[in-house]
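> quick one, fold the following:
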Amino acid sequence: STLAAFLELLSQERMGLHPIQSIGLDGFHYHSNYLKSHTIRRNGKEVLMQSVKGCPETFDAHHFLAKLHELKHGDTLWPVYNRQKHDVGEDALRVTGDIILIEGNWLLLPDAPWNEAQRLADATLFLRADAKDLKGRLIARKMKGGATREAAVAFFDASDGLNVEHVLKESVAAEETWTMLADGSFQASSVKR
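As a prediction, this is how the structure comes out:
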């Protein structure tokens, strides 16, 4: 999401670039009340969705796909995840750009309903990073949201870490992949289609 926001800003400030609008998948998390009252099976046990927030099952993929179809036909209102409230704000952002960059962990999963998003995309890009390089970033993000270090590490172990592995192992090949190196720089590669 940080890179997507940066690319949007860059496209608006640099002469000769067509402005893009970046939007995210996070606004399609189920609302907190739902996550606190519904469960999924994880490692053979029933767990509250809230405890594994961020995994594919905690998103309303059908709502996301409906909004993508709306977007294909013109402007739409988009939900946004509020990190202070830790909940979704419906219809919080008007999407009006000619070029829309949508970011999210599950957009390249091969399974239905996620694979429908790939069919609706004009182009796909995958940001790859080593799982160990992402761990510190994800723990720091959780702490910035108000969690203690212990709680942030526990959440990484129960949810974020598993999500990282899922994304890295299960995502289908994108048309272009940017690999983040240990020094924070990126290396690009393309797939011919």
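
> contact partners for A174?
For A174, the contact set (Cβ atoms under 8 Å, 6 or more residues apart in numbering) comprises L108, T124, L125, F126, V191. Quick note: C-beta positions are derived from backbone N, CA and C, even for glycine.

> show me where this protein has its helices.
Remark: helices assigned in the chain by DSSP state H are 2-13, 32-37, 61-72, 115-120, 131-144, 149-155, 161-170.

> just the buried ones out of the contacts of A174, please.
Buried members of the contacts of A174, scored by 16 or more other Cβ atoms under 10 Å, are L108, T124, L125, F126.

> which pair in those residues spans the largest distance?
Farthest pair in the buried ones among the contacts of A174 (Cβ to Cβ) is L108 and L125. Separation: 9.3 Å.

> report how many residues lie close to the nearest residue to A4 once chain neighbours are set aside.
Of all residues beyond its chain neighbours, the one nearest A4 is S22 (3.8 Å), with distances taken as Cβ to Cβ, 6 or more residues apart in numbering. When counting by other Cβ atoms under 10 Å, one arrives at 20 neighbours for S22.

> run through the bridge partners of S22.
L101 (DSSP bridges).

> quick one, what contacts it?
Applying Cβ under 8 Å, 6+ apart, the residues near S22 are S1, A4, A5, L7, E8, I100, L101, I102, E103.

> hmm, try it at 7 Å
By Cβ atoms under 7 Å, 6 or more residues apart in numbering, the contact set of S22 is A4, A5, L7, E8, L101, E103.

> distance of it relative to N82?
The spacing between S22 and N82, counted by Cβ to Cβ, to the nearest Å, is 17 Å.

> and what of R128?
Noted for R128: a distance of 28 Å to N82, by Cβ to Cβ.

> pull the helix or strand with minimum mean pLDDT from this protein.
strand 186-190 (a mean of 86; mean pLDDT, DSSP states H and E).

> tell me which residues are up against it.
So strand 186-190 is contacted by E175, E176, T177, W178, T179, M180, L181 (Cβ under 7 Å, 6+ apart).

> by neighbours, which of those residues wins?
That'd be T177 among the contacts of strand 186-190, by other Cβ under 10 Å, with 18 neighbours.

> OK, contacts around that one?
F126, R128, S189.

> quick one, longest strand in this structure?
strand 87-95 (DSSP state E).

> so what secondary structure elements neighbour that one?
strand 20-24, strand 76-82 (3 or more Cβ pairs under 7 Å, 6 or more residues apart in numbering; DSSP states H and E).

> mind doing that once more with 10 Å?
strand 20-24, helix 32-37, helix 61-72, strand 76-82 (3 or more Cβ pairs under 10 Å, 6 or more residues apart in numbering; DSSP states H and E).

> name every strand pairing with it and say which way it goes.
Partners of strand 87-95 in its sheet, by DSSP bridges: strand 76-82 (antiparallel).
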